[in-house]
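1. got a predicted structure here, sequence first:
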Amino acid sequence: MPDHTNGHLVLIGATASGKSALALEVSRRRPGVELVSMDSMAVYRGMDIGTATPGTELRAEVPHHLLDLADPSEEFTVSMFQAAALAALGEIAGRGSRAILVGGTGLHIRSVVDDLEIPGRYEEVRSELEADPDTLDLHRRLMDSDPVAAGRMEPTNRRRVLRALEVTLGAGRPFSSFGPGLETYPETPFTQVGLRVPRPLLDQRIAERFNRMMDEGFLDEVAALLAGPDGFSQTATQALGYRELAAHLRGECTLDEAVEEAVVATRRFARRQERWFRRDPRITWLDVDDDPTAVLDDLLAAFDGCTA
């Protein structure tokens, strides 16, 4: 637990780990608590079923933040998300209330927890760099212009090399000057608790949840979004389930194939979430089994212990 807490709890976990339901239960036991979604896709209007966005009844019971902020056709960057989250936390603190930040989008959580300085985007520079297929050559260019950043990444990690070089060239300052990097975990005023679920159980929950979403009309939701005049932004197209069902609606695969691929992709995403969060030594882990509410007392104790 941090030495200087701000009273807010960050509840972390892989998709389908039960964190949203537990956060809601804590808010019911501790009146006045407000929930801040840290899901990068729940910011989009009309993408409710696939992102498990709380309905109007739950929102009326407990204040929720960072939901339905943009249309799916709009880009909503990490820096935009960070600004919205910090603004919401400021409003919550101004009311004398406390928040539970709940979600599983790692970079978005880090942007708030560590108040990251996030570089801008430089699309023209990016396009020019992407035209070079030689990732090792790009890394050599990065080594010449920002050896510190180049030393922090594998020369073959094209995504990271491209981003670092894009920022270095576009911003006119080294990518490394924007901070020590995500491999550093400084002191933070946020208390972080993670839910750890056995992998077979998590895989089962992911499949069951996707089937429930299909029963709730997920396919119709995707069809309605595709029929819209503006389509999906580059950010929104990353949403799990939507791209697979969209492929089915375009005639590229059967519905069964789309559902199977969506479940597999979600399980892969959950693995990446686990690896991301496991690296953060500041997270206190709670082991969750069949009944997530079994850890409710421990979670309440953690929340009570992070009083500012």
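-> Done, it's in.

2. tell me the domain boundaries of the protein?
-> As given by automatic domain parsing, the domain ranges for the chain are 9-116+188-305, 123-178.

3. endpoints of the last one, how far apart?
-> Meaning domain 123-178. Taking CA to CA, to the nearest Å, domain 123-178 runs 19 Å from one end to the other.

4. the longest one too?
-> For domain 9-116+188-305, the separation between the terminal residues is 10 Å (CA to CA).

5. low-confidence stretches in the stretch 151-300 of the chain?
-> The stretch 151-300 of the chain contains no residues with pLDDT under 70.

6. let's see that with 90 instead.
-> In the predicted model of the stretch 151-300 of the chain, residues 152, 159-160, 178-184, 228-238, 289-292 satisfy pLDDT under 90.

7. which SSE is Leu11 in?
-> strand 9-13 (DSSP states H and E).

8. follow-up on the earlier one: could you dump the domains of the chain to JSON lines with mean neighbour count?
-> For the C-beta atoms, the positions are set from N, CA and C on the backbone; glycine is no exception. Output for these, formatted as JSON lines (neighbours: other CB atoms under 10 Å):
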{"stretch": "domain 9-116+188-305", "mean neighbour count": "18"}
{"stretch": "domain 123-178", "mean neighbour count": "16"}
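
9. the biggest helix by length in the chain: how far from the chain's middle?
-> Among the segments of the chain that qualify as a helix by DSSP state H, the longest is helix 255-278. Remark: helix 255-278 is offset 14 Å from the chain centroid, using CA atoms, centre = their mean, to the nearest Å.

10. do the same with stretch 212-223
-> With CA atoms, centre = their mean, you get 22 Å for stretch 212-223.

11. contact partners of the strand holding Leu11?
-> Contact partners of strand 9-13, identified using CB atoms under 8 Å, 6 or more residues apart in numbering, comprise 19, 22-23, 26, 38, 98-104, 109, 113, 190-197, 273, 277, 283, 288, 299, 302-303, 306.

12. repeat the analysis, applying 7 Å as the threshold.
-> 19, 22-23, 100-102, 104, 109, 113, 190-195, 277, 283, 302-303, 306 (CB atoms under 7 Å, 6 or more residues apart in numbering).

13. swap in stretch 131-150?
-> Counting by CB under 7 Å, 6+ apart, Leu129, Pro155, Thr156, Arg158, Val161, Leu162, Ala164, Leu165, Thr168, Pro174, Phe175, Ser176 sit against stretch 131-150.

14. identify the farthest-apart pair in those residues.
-> The span of the contacts of stretch 131-150, defined through CB to CB, is set by Thr156 and Pro174 at 21.0 Å.

15. in contact with Arg158, which residues?
-> Neighbours of Arg158 in contact, by CB under 7 Å, 6+ apart: Thr135.

16. if we use 8 Å, what do you get?
-> Arg158 neighbours (CB under 8 Å, 6+ apart): Thr135, Leu138.

17. all strands of the protein, in order?
-> 9-13, 34-37, 64-65, 99-103, 191-196, 283-287 (DSSP state E).

18. want to throw these into TSV with distance to Glu216?
-> Putting the strands of the chain into TSV (distance: least, CB to CB, whole Å) gives the following:
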stretch	distance to Glu216
strand 9-13	22
strand 34-37	19
strand 64-65	19
strand 99-103	21
strand 191-196	23
strand 283-287	29
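
19. hmm, back to that, tell me the angle the strand holding Leu11 makes with strand 99-103.
-> 20 degrees (axes from the mean of the first three to the mean of the last three CA atoms, to 10 degrees).
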